[in-house]
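[1] build me a model from this:
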Amino acid sequence: MRHTWRWFGPKDRVSIDDMLQAGVQGVVTALHHVPTGAVWTPEEIARRQAELAVMRDGSPSGLKWEVIESLPVSEAIKTQTGDWREHVANWITSMRHLRDAGIEVLCYNFMPVLDWTRTDLAWRRPNGARCMRFDFIDFAAFDIHILQRKGAAEDFPEEIRDEAARRFAAMDDARREELAGNVVFGLPGAAESFSLQDVRDLLESYAPVTDAVLRRHFHDFLEQVAPVAQEIGMRLCCHPDDPPFGLLGLPRVMSTEADYAERMAAVDLPANGITLCSGSLGARPDNDLPGMMDRLGDRVHFLHLRNVRRDTDAIRGSFFEDEHLGGQTDMVALMAAILREEARRRDAGRPDAVIPMRPDHGQDILDDIGRGGQPGYPAIGRLKGLAELRGVEMALSHKGAA
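    Numbers count the residues shown, from 1 in each chain. This next block holds a predicted model:
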């Protein structure tokens, strides 16, 4: 595997120097400042490449931009409203510019409204570490009582509704505001600027978009972008829903192995591939991550390795982001499946035999606490995760391994 690291640009509290000291081989980043739907210009791409190429003292870092995460797919494209055709054309132009700059792997998602959803961004663990958590009851309290989405109550079982009402009644104004802010933080690029009314308006725009409609729109998008990616040598890899079940009355079309198989079959080209995120997919008890890697591995172009621990075996439920070798996904078995796929690719002579991987998320530990970094992306917590994953990879790959 190729060990990469997500970087949010010059404002990221985790620096290029930090990445180098963690033993990172390549960088995963994006032009987060460019408005969704606009073209990523060659000049802006080159500027980001130059920013990550040097350390604080001006020395060469030796690091390169190897994976795009993400080139956003606009809500207009997902709903096929407004300027959606122009946005698709701009997406293709941006993809061409990125490929011209030497980048071959492009991660994106097709999640309506929210890129990810958590109710706690710094949940305290017994050892004092902090992690992100999705609490299903807190989310129901937000949806029903804070956002006051029409029809929200009917989307939850009676026992969850009752407990959410009790929990909401016990919250003071500060906690209610914090909960709303945590959920809204998952809006792409809008954590500090979106109001609850903005969220309601976005949800209203999806009123006519059923699960079947979103699938059709996704296939329309793939039919336009995947052949171009195949032509220019770009590997597209869609990220799964996070969490992988329905929220806010919105459709979900990338939550299970069957979803992935359907999307791959819709446009059956090698360029139309998968980001296998063990944390997002692992939040559902019916997702078999090692098995998915074995069965879908031919189209896995990018790996997010992290672990979660669920509170329940229900499809929709609470979970928190555990240590990389903790949680309920058998990370050793998953890593073994990844190495088997890489061996198959080497035997077949594929140029993409080495799959880029990044240690996804991480718990805030030691000096991460109070550093004010991007939620889920601490320096030391991810370094610990990378070290653990690297150790498993080395043990499984060692010539003396059984």
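[2] please, where are all the helices along the stretch 151-300 of the chain?
    158-170, 173-184, 196-205, 211-232, 257-266, 278-282, 289-296 (DSSP state H, counting those that start in this stretch).
[3] also the stretch 1-150 of the chain?
    16-22, 42-51, 75-79, 84-100, 136-141.
[4] mind listing what's buried along the shortest one?
    By neighbour count, with 16 or more other CB atoms under 10 Å as the criterion, the buried positions of helix 75-79 are 75-79. C-beta here means a position set from N, CA and C on the backbone, and glycine is covered the same way.
[5] alpha carbons only: can I get it in CSV?
    These are the backbone C-alpha positions of helix 75-79, laid out as CSV (Å, rounded to 0.1, in the frame of the first residue of the first chain):
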residue,chain,number,x,y,z
GLU,A,75,-26.3,19.5,-5.1
ALA,A,76,-27.5,20.8,-8.5
ILE,A,77,-25.9,17.7,-10.2
LYS,A,78,-27.5,15.4,-7.6
THR,A,79,-30.9,16.9,-8.1
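[6] just for the stretch 101-250 of the chain, where's the confidence low?
    188-193 (pLDDT under 70).
[7] possible to save the helices of the stretch 151-300 of the chain as a markdown table with mean neighbour count and distance to Val28?
    What follows is the helices of the stretch 151-300 of the chain, written out as a markdown table (neighbours: other CB atoms under 10 Å; distance: least, CB to CB, whole Å):
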| stretch | mean neighbour count | distance to Val28 |
| --- | --- | --- |
| helix 158-170 | 15 | 36 |
| helix 173-184 | 16 | 24 |
| helix 196-205 | 15 | 27 |
| helix 211-232 | 17 | 18 |
| helix 257-266 | 16 | 21 |
| helix 278-282 | 27 | 15 |
| helix 289-296 | 18 | 20 |
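[8] looking at those helices, which is nearest to Leu250?
    Closest approach to Leu250 among the helices of the stretch 151-300 of the chain (CB to CB): helix 196-205, 7.2 Å.
[9] alpha carbons only: can I get that closest one in CSV?
    Only the C-alpha atoms of helix 196-205 are listed here, as CSV (Å, rounded to 0.1, in the frame of the first residue of the first chain):
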residue,chain,number,x,y,z
LEU,A,196,-30.8,25.8,10.3
GLN,A,197,-33.0,27.5,7.7
ASP,A,198,-30.3,26.8,5.1
VAL,A,199,-30.4,23.2,6.0
ARG,A,200,-34.2,23.1,5.7
ASP,A,201,-34.1,24.8,2.3
LEU,A,202,-31.6,22.2,1.1
LEU,A,203,-33.7,19.4,2.3
GLU,A,204,-36.7,20.9,0.6
SER,A,205,-34.8,20.9,-2.7
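[10] contact partners for Ala101?
    42, 45-46, 49, 65 (CB atoms under 8 Å, 6 or more residues apart in numbering).
[11] among those residues, which ones are buried?
    Among those, those classed as buried by 16+ other CB under 10 Å are 45, 49, 65.
[12] quick one: which of these is nearest Glu204?
    Nearest member of the buried ones among the contacts of Ala101 to Glu204, counting by CB to CB, is Ile45, at 35.0 Å.
[13] for the buried ones among the contacts of Ala101, which one is nearest Asp242?
    Nearest to Asp242 among the buried ones among the contacts of Ala101: Trp65, at 23.3 Å, using CB to CB.
[14] next one: that closest one from Trp40, what distance?
    Going from Trp65 to Trp40 by CB to CB, to the nearest Å gives 12 Å.
[15] got the domain ranges for the protein?
    Residue ranges for the domains of the chain, per automatic domain parsing: 2-115+210-397, 120-203.
[16] and the contacts of stretch 242-252?
    In contact with stretch 242-252 (CB under 8 Å, 6+ apart) are residues 111-117, 134, 139, 143, 147, 149, 151-152, 155, 203, 206, 209-211, 213-215, 241, 254-256, 277, 279-281, 283-284, 287, 315-316, 319.
[17] buried ones among those?
    111-117, 134, 139, 143, 147, 149, 152, 155, 203, 206, 209, 213-215, 241, 254-256, 277, 279-281, 283-284, 287, 316, 319.
[18] from the residues you listed, which ones fall inside strands?
    134, 277, 319 (DSSP state E).
[19] the second one reaches Val300, doesn't it?
    No. Taking CB atoms under 8 Å as the contact criterion, Cys277 and Val300 are not neighbours in contact, 10.5 Å apart.
[20] so what's the most centrally placed residue in the chain bridging to?
    Geometric centre of the chain, nearest residue: His239, 5.7 Å, by CA atoms, centre = their mean. Counting by DSSP bridges, His239 forms beta bridges with Asn109.
[21] what about it, distance to Pro351?
    Separation of His239 from Pro351 (CB to CB) stands at 23 Å.
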